[in-house]
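Novice: Sharing a model prediction with you, sequence too.
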Amino acid sequence: MTFGGIVGGTQALADLDVTAATINLNSTGVTVDDGAGGATATFTGAVVLGANVTIDTDGAADNSLTFTSTIDATTAGTEGLTITAGGGTVTLGGAVGTTMALDALDVTADTINANGNITTADGNVTLDSTSALTIGVNISAGAGTVTLVSDGAINQTGGAITADKLSLESGSPITVNQAGNDVNTVAAKADTAGDIKIRDTDDMTIGTVGSLSGISSNGGNVTVQTGGNLTVSQAVNAGAGTVTLNVTSGSINGAGLITASTADLDATTGIGNTTALELAASTITADTTNGNIDIDNALGTAVSVNSLTTGTGTITFEQSGGGAVTFVNVTTTSGDITLQNAGANLKAQTVTAGTAAPGDGDLTLETTGSGDIIVDDVKAENDTVTITAAGAILENPDAGVDITGSTLDLTASNGIGTQSEPLEISESTLTATTTNGDVVLQTISGDMTVNQVEATNGGIFLTSAGGIMAGNFDPNLTAGTNSELKANGGSIGSDANPFAYNVSGGGFTVSASGDAFLEGSPAPTDGGVTGILDFQGSIGGTKGLLILGVFGSTVSETGGPATTTGRLISLAEEAIVTEEPKEIELEEELKRRLGIGG
């Protein structure tokens, strides 16, 4: 049966019921409406479109349009179908465009029942329903756009959507998460709070499709899963909900802002590795098998980064907006880590850059503007740890090592460690500087090599489980108030490289289980040096050599202070020993240092 002209163009038909093996719709329009809201149009048999056909049931609530069988074009990609049913029901009972692909398909109705696969030759497919929209069939639009609109929910129960672009808009949840979906760009919006779930088999971009940009759930959760690279080009906004981006093979990149209470990001080859991800989230997890991680998070309230991990790759995380940030677990197998916060505190609980192999990961922590840095267990074993705080560097109170690295570079404005909670550090080479407050550091095991430690307006208190060695800077220690060195398992400095210091506004106390070799000002106070305490400096205006606590004899010096006895023995160039030393080896050491004898 063939329709060659417009049907119901002058006067709409009250009903239309066509039955034939093949129904050829060569007319451009079919209009059915009985005026009372009970019109029906039924096509029983295979429909072949000979033109771009528009079927209009004039929008009455109980009008219905039913195709019981297939719908195809005469020539692939030439003829399309537009259906306007308003408040009525449209049933597509068979496959559409499977034998001969349509140019396009556009259906608007209260209820749309799609019972067969839909195919266009790179043309658009639009299904617009004022009720819930359920998709259980394949929709194949090639290079075209698939648009699904519902005042209720959109629910994909089966099939796959294949298109260049996919637009999803509903009044409540959207679930388009079948494994075979394959689109290049997606945009989605839930007009009221509702979860959005989208799945794609390979690469996909969250971008702009028609009038929609990005993904917005109005407070519902957003879950996007792809089998390839995911690009976030437009905003993803879940409000107080959770955004989950899961890439099973590939990376996550893009400058579109991700807003959520919780952001959960998973990839295999990187997160922000080509374009840093922009977040506004209070709880963040970002894990990739390998590849770099680069995330910027802006929030004015507290932020918890529960997990930030990669294998081979670097990690960079920048927090801004005024909210304090806590890093619970941050690790690389091989790669540098940089964690920053602008304007608030930064707490690093467990942060590990690389393994024990030298050169496989440095660690940097930084606050700018204001903010303390609180460390619990941060390490770049056999590599460099750099911590720069606009406020203070403090420990999270515990008995374990707070900072592990072969080289430590610590800079703060308001102190590094405290007397009640010193920072525990590993055996390392140390540089530490603070303008205000004290520097209080200790090693639990091993030696401490001090390159340069400075407390402009405070004291310096260094305790080593081993020795305290002098680094390559002179002086090694510069302090404004009382300071102290304790080498509980070794010496301080060496004969060849004494420990140099300058304490401008207080005393300087030293203790060691071995010797202490010092130079600087003022003269040190012996807090318990087991061996020789060798000091080169100025006493009473006379420069000379001090050997403290080595024997109890009396030594006189000419041209200097009065004779000193007991544990403090001062020697100038013309010093004379007035009593024999009690130990012969001490006498020899004294002669050697004075250049007496052979």
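Specialist: Thanks, I have it.

Novice: For Glu579, report the pLDDT, please.
Specialist: Turning to Glu579, the model gives it a pLDDT of 35.

Novice: burial count for Thr433?
Specialist: 18 (other C-beta atoms under 10 Å). In this view, the C-beta of every residue, glycine as well, is placed from N, C-alpha and C.

Novice: Can you list the strands that the helix or strand hosting it pairs with?
Specialist: Assigned by DSSP states H and E, Thr433 falls within strand 428-434. Here strand 428-434 has these sheet partners by DSSP bridges: strand 403-412 (parallel), strand 448-455 (parallel).

Novice: just checking, Ala190 touches Ala153?
Specialist: No. If you go by C-beta atoms under 8 Å, Ala190 and Ala153 don't touch, sitting 9.0 Å apart.

Novice: Quick check: Ala143 touching Asn124?
Specialist: No. Judged on C-beta under 8 Å, Ala143 makes no contact with Asn124 at a distance of 10.0 Å.

Novice: more neighbours, the two?
Specialist: Asn124 (21 against 13).

Novice: Distance of that one relative to Leu92?
Specialist: Distance, Asn124 to Leu92, using C-beta to C-beta, to the nearest Å: 16 Å.

Novice: Strands of the stretch 351-500 of the chain, residue ranges please.
Specialist: Using DSSP state E, counting those that start in this stretch, the strands of the stretch 351-500 of the chain run over 363-368, 373-389, 393-395, 403-412, 423-425, 428-434, 439-443, 448-455, 460-464, 468-470, 477-479, 483-487, 499-503.

Novice: can you tell me the average pLDDT over the fourth one?
Specialist: Think strand 403-412. 97.

Novice: cool, and the second one?
Specialist: Per-residue confidence for strand 373-389 averages out to 97 on the pLDDT scale.

Novice: just stretch 334-347 next, same as before
Specialist: 98.

Novice: Look at it and report the distance between its end residues.
Specialist: Taking C-alpha to C-alpha, to the nearest Å, stretch 334-347 runs 22 Å from one end to the other.

Novice: Stretch 347-359 too?
Specialist: 25 Å.

Novice: Provide the contact partners of it at residue level.
Specialist: 324-337, 339, 360-363, 365, 373-383, 396, 406 (C-beta atoms under 8 Å, 6 or more residues apart in numbering).

Novice: does Ser140 really touch Gly159, like I thought?
Specialist: No. The pair Ser140 / Gly159 is not scored as a contact, 9.6 Å apart, by C-beta under 8 Å.

Novice: Overlap in contacts, the two.
Specialist: What both Ser140 and Gly159 touch, as defined by C-beta under 8 Å, 6+ apart, is the set Asn117.

Novice: Please say which of the two ends up with more neighbours.
Specialist: Neighbour count, other C-beta under 10 Å: between Ser140 and Gly159, Ser140 has more, with 23 against 18.

Novice: That one bridge partners, please.
Specialist: Thr119, Thr162.

Novice: next one: the one 10 residues further on
Specialist: When bridges are called by DSSP bridges, Ser150 pairs up with Ser129, Ser170.

Novice: Use 22 as the first number from now on
Specialist: Sounds good: first residue 22 from here, last item Ser171.

Novice: and it, what does it touch?
Specialist: With C-beta under 8 Å, 6+ apart, Ser171 has these contacts: Asp149, Ser150, Thr151, Ser152, Ala153, Leu154, Glu190, Ser191, Gly192.

Novice: Repeat that for Ala413.
Specialist: Asp393, Ile394, Ala433, Ser434, Asn435, Gly436, Ile437, Thr455, Gly458.

Novice: so what's the fifth one closest to, chain neighbours aside?
Specialist: If I follow you right, that is Asn435. Take Asn435 and drop its neighbours on the chain: the residue closest to it by C-beta to C-beta, 6 or more residues apart in numbering is Ala413, 4.2 Å away.

Novice: any idea how far the one you found is from Ala433?
Specialist: Distance from Ala413 to Ala433, by C-beta to C-beta: 5 Å.

Novice: Find residues that contact each of the two.
Specialist: Common neighbours of Ala413 and Ala433 (C-beta under 8 Å, 6+ apart) are Ile394, Thr455, Gly458.

Novice: Switch these over to CSV; also include distance to Gly487 and neighbour count.
Specialist: As requested, the shared contacts of Ala413 and Ala433 are arranged in CSV below (distance: C-beta to C-beta, whole Å; neighbours: other C-beta atoms under 10 Å):
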residue, distance to Gly487, neighbour count
Ile394, 26, 25
Thr455, 24, 25
Gly458, 26, 21
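
Novice: Compile those into TSV and extend it with columns for distance to Val422.
Specialist: Output for the shared contacts of Ala413 and Ala433, formatted as TSV (distance: C-beta to C-beta, whole Å):
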residue	distance to Val422
Ile394	16
Thr455	21
Gly458	22
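
Novice: tell me which of those is nearest to Pro496?
Specialist: Proximity of those to Pro496, judged by C-beta to C-beta, is greatest for Thr455, which lies at 15.8 Å.

Novice: Identify the bridge partners of the residue lying closest to that closest one once chain neighbours are set aside.
Specialist: Excluding the flanking residues, the one nearest Thr455 by C-beta to C-beta, 6+ apart is Ala433, at 4.6 Å. Beta-bridge pairing for Ala433 (DSSP bridges): Ala410, Thr455.

Novice: How about the contacts made by Ala433?
Specialist: By C-beta under 8 Å, 6+ apart, the neighbours of Ala433 are Ile394, Ile408, Thr409, Ala410, Gly412, Ala413, Ile414, Thr454, Thr455, Thr456, Gly458.

Novice: okay, these in a markdown table with distance to Thr75 next?
Specialist: Supplementary listing: those in a markdown table, determined by distance: C-beta to C-beta, whole Å:
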| residue | distance to Thr75 |
| --- | --- |
| Ile394 | 67 |
| Ile408 | 70 |
| Thr409 | 68 |
| Ala410 | 69 |
| Gly412 | 69 |
| Ala413 | 73 |
| Ile414 | 72 |
| Thr454 | 78 |
| Thr455 | 78 |
| Thr456 | 78 |
| Gly458 | 79 |
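
Novice: Surely Asn327 is in contact with Val346?
Specialist: No. Between Asn327 and Val346 there is no contact under C-beta under 8 Å: 11.5 Å.

Novice: the more surrounded of those two?
Specialist: Val346 (27 against 17).

Novice: In three-state terms, how would the closest residue to Met22 other than its chain neighbours be classified?
Specialist: Among residues not flanking Met22 along the chain, Ala41 sits closest, at 3.9 Å (C-beta to C-beta, 6+ apart). What DSSP: H, G, I helix; E, B strand; the rest coil gives for Ala41 is strand.

Novice: what about Ala41, neighbour count?
Specialist: 13.

Novice: likewise Gly380?
Specialist: Gly380, neighbours per other C-beta under 10 Å, totals 9.

Novice: Please report how far Asp315 lies from Ala476.
Specialist: 35 Å.
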